[in-house]
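Novice: Coordinates only, no sequence provided:
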DNA sequence: CAAATATAATAGTATTACTATCATTTTTGA
DNA sequence: TCAAAAATGATAGTAATACTATTATATTTG
């Protein structure tokens, strides 16, 4: 498994960065520590100057990789979804029963990813928190249509489409497969957020995970 | 109807503002034009200086009403949800059948509010766009727990609870009423956003509104 | 009409989000 | 191995942001 994955590279749309952060040690340190720092102080307070101090590097060097902190967030977001997509494809590949496959898929996109040995410079727990707390900010902007045209959200959209296809395989007559798929993915992040900050308006907790809720929702809605 | 409502005041948690904007002409102009300006240029580019220019008033005067633009967004958000809550209570009050009541409630919280004659200084279309595009930013912050303690999100939470109660009245054995309620409300905003910017990952459009999708979802999930 | 209150004008501060330039270090390939 | 190229670091500078503070002027009110 480790060997199989040692050559794996998560492919992020190229236009997001000025210089590929995977191509150098400094680039990897930028990604590694930006995830930790954004998780610590929040994206709104995060600056390249603070990141530079953390990694003992200069603000101007970071600008050679990303033209703005917004682009860095887009990179982190795309990396996350590419990684989830990889797990989605890998872990559902061998499931032939359509219902089981859909259930497994929902479990994967709704769970918080576990720490693993691949890509050791990525703190998966911190990354997951960032997606829950900051991901919406990557598209809730006035530039969203332009950035969408440039392909910055392609991985996210592809995951939604994969789930949509699985929904339609399991329930060919269901009319709202795209909306259900996008609701599960975005709704799961929201339920994670609510369980951490607004516990009174969610049933989710340590035992009832967003996966449990959305699997139940899908099975009942699709009458599986 | 107009008479009945002429004394109506939308009650926003007091701690959100320094001075009640409903208490003066300048205050009302601040609300009126901040809604228009945020809708025009987006919350991220919005500043009190630009707002001051629009209303022919001074930046320093606006700070006497709101201590930051974040607080102003919280005010606008609370105002919106209070207004939706009012419609929710008013329009479902006389429905005795639990299923019909829930369906009406979902329709109300998922629809984009129509322009009306009450509160003429609030541009309801612009307000609705702001909620779709900016509302998440009001709680996706590092200060959310502190602000939640101070009651800034109480109206939003109360709406979710009202929907939750209606779900339980219609389907007493359903286990995830809070999560379904919060998913409908937040998911509806997301579907509105997708239909405007990511049409390929939603089924919603001019004919299939988020209301249609979520009413279908609730009826099937709750087996009504 | 005086006192209180509200608003406006001006100035100032630390920080942000960059850009530009030049110096130094590291890599590389002949 | 050495010179050129590339990468990184250091420094400086800019316009804008998100405020605070102070003082002046206008408006309201009792």
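Specialist: Here it is on my side, so go on. Values in this document were obtained by computation on a predicted structure and should not be read as measured data.

Novice: Name all residues that make contact with residue A:210.
Specialist: By C-beta atoms under 8 Å, 6 or more residues apart in numbering or on different chains, residue A:210 lies in contact with A:110-111, A:187-188, A:191-192, A:195, A:204, B:179. The C-beta positions use only the backbone N, C-alpha and C, and glycine is treated the same way.

Novice: So which of those residues is the closest to DNA strand D?
Specialist: Nearest to DNA strand D out of these is residue A:192 (C-beta to the nearest atom of the strand; 27.4 Å).

Novice: Now do the contacts for the closest one.
Specialist: Going by C-beta under 8 Å, 6+ apart, residue A:192 touches A:112, A:132, A:204, A:210.

Novice: So which of those residues are in helices?
Specialist: Within the contacts of residue A:192, residues falling in helices by DSSP state H are A:132, A:210.

Novice: Who wins on neighbours among the contacts of residue A:192?
Specialist: Counting neighbours by other C-beta atoms under 10 Å in any protein chain shown, residue A:210 comes out on top of these with 28 neighbours.

Novice: Quick one: distance of the longest helix anywhere in chain A to the chain centre.
Specialist: Criterion DSSP H: the longest helix present in chain A is helix A:69-92. Mean-position distance between helix A:69-92 and its chain equals 5 Å (C-alpha atoms, centre = their mean, to the nearest Å).

Novice: before we move on, what about stretch A:162-174?
Specialist: 22 Å.

Novice: Please point out which parts of that stretch sit buried.
Specialist: A:162-164, A:166-168, A:170-171, A:174 (16 or more other C-beta atoms under 10 Å in any protein chain shown).

Novice: and of the residues you listed, the nearest to DNA strand D?
Specialist: Comparing these against DNA strand D with C-beta to the nearest atom of the strand places residue A:162 closest, at 35.1 Å.

Novice: does the closest one count as helix, strand or coil?
Specialist: Here residue A:162 takes the helix state, with states given by DSSP: H, G, I helix; E, B strand; the rest coil.

Novice: For the residue of chain A most remote from its centre, what are phi and psi?
Specialist: The C-alpha centroid of chain A is most remote from residue A:173, which lies 29.1 Å away (C-alpha atoms, centre = their mean). For residue A:173, the backbone dihedrals (degrees, to the nearest 10) come out as phi -100, psi 0.

Novice: you'd agree residue A:164 is up against residue A:174?
Specialist: No - using C-beta atoms under 8 Å, residue A:164 is not in contact with residue A:174; the gap is 9.9 Å.

Novice: Pull up the overlap in contacts between the two.
Specialist: Among the neighbours of residue A:164, those also in contact with residue A:174 (C-beta under 8 Å, 6+ apart) are residue A:180.

Novice: Distance of residue A:12 relative to residue A:160?
Specialist: The gap separating residue A:12 from residue A:160 is 18 Å, by C-beta to C-beta, to the nearest Å.

Novice: When these two are compared, which one has more neighbours?
Specialist: A direct count of neighbours by other C-beta under 10 Å for residue A:12 and residue A:160 places residue A:160 higher, at 27 against 23.

Novice: Need the nearest residue in space to that one, chain neighbours excluded.
Specialist: residue B:201 (4.2 Å; C-beta to C-beta, 6 or more residues apart in numbering or on different chains).

Novice: ok, the one you found - contacts?
Specialist: By C-beta under 8 Å, 6+ apart, the residues touching residue B:201 are A:157, A:160-161, A:164, A:178, A:181-182, B:194.

Novice: switch the cut-off to 10 Å
Specialist: Going by C-beta atoms under 10 Å, 6 or more residues apart in numbering or on different chains, residue B:201 touches A:153, A:156-161, A:163-164, A:178-179, A:181-182, A:185-186, B:191, B:194-195.

Novice: Buried members of those into PyMOL, please.
Specialist: Those of the contacts of residue B:201 that count as buried under 16+ other C-beta under 10 Å are selected in PyMOL with:
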select buried, (chain A and resi 153+156+157+159+160+161+163+164+178+179+181+182+185+186) or (chain B and resi 191+194+195)
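
Novice: Tell me how far whatever helix or strand comes next after the longest helix of chain A lies from the chain's centre.
Specialist: Sequence-wise, the next helix or strand downstream of helix A:69-92 (DSSP states H and E) is helix A:98-110. Centroid separation for helix A:98-110 versus its chain: 16 Å, with C-alpha atoms, centre = their mean.

Novice: which parts of helix A:98-110 are buried?
Specialist: Of the residues in helix A:98-110, A:98-99, A:101-110 count as buried by neighbour count, 16+ other C-beta under 10 Å.

Novice: try stretch A:216-224
Specialist: For stretch A:216-224, using 16+ other C-beta under 10 Å, the buried residues are A:216-219, A:221-222.

Novice: Equivalent analysis for stretch A:82-102, please.
Specialist: Buried residues in stretch A:82-102, counting neighbours by 16+ other C-beta under 10 Å, are found at A:82-85, A:87-88, A:92, A:98-99, A:101-102.

Novice: list the contacts for residue A:97?
Specialist: By C-beta under 10 Å, 6+ apart, the contact set of residue A:97 is A:103-104, A:170.

Novice: Kindly report the same for residue A:191.
Specialist: Counting by C-beta under 10 Å, 6+ apart, residue A:191 has contacts A:110, A:132, A:201-204, A:208-211, A:213-214, B:176, B:178-179, B:182-183, B:186.

Novice: try it again with 7 Å
Specialist: Contacts here follow C-beta atoms under 7 Å, 6 or more residues apart in numbering or on different chains; on that basis residue A:191 touches A:202, A:204, A:210, A:213, B:179.

Novice: cool, and residue A:57?
Specialist: Residue A:57 sits next to residue A:26 when contact means C-beta under 7 Å, 6+ apart.

Novice: how about a cut-off of 6 Å?
Specialist: Residue A:57 makes no contacts at all, as judged by C-beta atoms under 6 Å, 6 or more residues apart in numbering or on different chains.

Novice: Show me the shaky parts of chain A.
Specialist: Scanning chain A for pLDDT under 70 picks out A:1-8, A:114-115.

Novice: who in it is up against DNA strand D?
Specialist: Those residues of chain A that sit near DNA strand D, judged by C-beta under 7 Å from any atom of the strand, are A:19, A:24-27, A:56-61, A:64.

Novice: Which one of those residues sits in the busiest neighbourhood?
Specialist: In terms of neighbour count, residue A:27 stands highest of the residues of chain A next to DNA strand D at 19 neighbours, by other C-beta under 10 Å.

Novice: Contacts made by the helix or strand that contains residue A:156 with the rest, please.
Specialist: Counting by DSSP H and E, the element that carries residue A:156 is helix A:154-170. In this structure, residues lying in contact with helix A:154-170 by C-beta under 6 Å, 6+ apart are A:78, A:81-82, A:85, A:98-99, A:101-102, A:105, A:177-178, A:180-182, A:185, A:224, B:201.

Novice: Centre of the chain to it, how far?
Specialist: On C-alpha atoms, centre = their mean, the centre of helix A:154-170 falls 14 Å from the chain's centre.
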